[in-house]
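Engineer: A structural model of the following input is requested.
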Amino acid sequence: MKDLSGTNQELIEEISVLKKKIQELEHSDSERKRAEVALTKERLYDR
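Structural biologist: So this is what the prediction gives:
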């Protein structure tokens, strides 16, 4: 029989890694949006 506790632990660790990656992507997206807004404002003021 397969060791399910090991499999469960691996899945828990993978979920943890994926949650961290999601947080990093969300933060990166927020930073990109802030930069985009700042650039848009800058372009509007330069006209």
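
Engineer: Show me the helices in the chain, by range?
Structural biologist: 4-45 (DSSP state H).

Engineer: remind me which residues of it are low pLDDT?
Structural biologist: For the chain, residues meeting the criterion pLDDT under 70 lie at 1-2.

Engineer: same thing but at 50, please
Structural biologist: Applying pLDDT under 50 to the chain picks out residues 1.

Engineer: Give me the residue at the spatial middle of it.
Structural biologist: Centroid-nearest residue in the chain, with Cα atoms, centre = their mean: residue 25, separated by 2.0 Å.

Engineer: For that one, give its distance to residue 7.
Structural biologist: According to Cβ to Cβ, to the nearest Å, residue 25 stands 27 Å off from residue 7. For glycine as for every other residue, the C-beta is placed from the backbone atoms N, C-alpha and C.

Engineer: show me what contacts the residue nearest to the centre of the chain?
Structural biologist: By Cβ atoms under 8 Å, 6 or more residues apart in numbering, residue 25 lies in contact with nothing.
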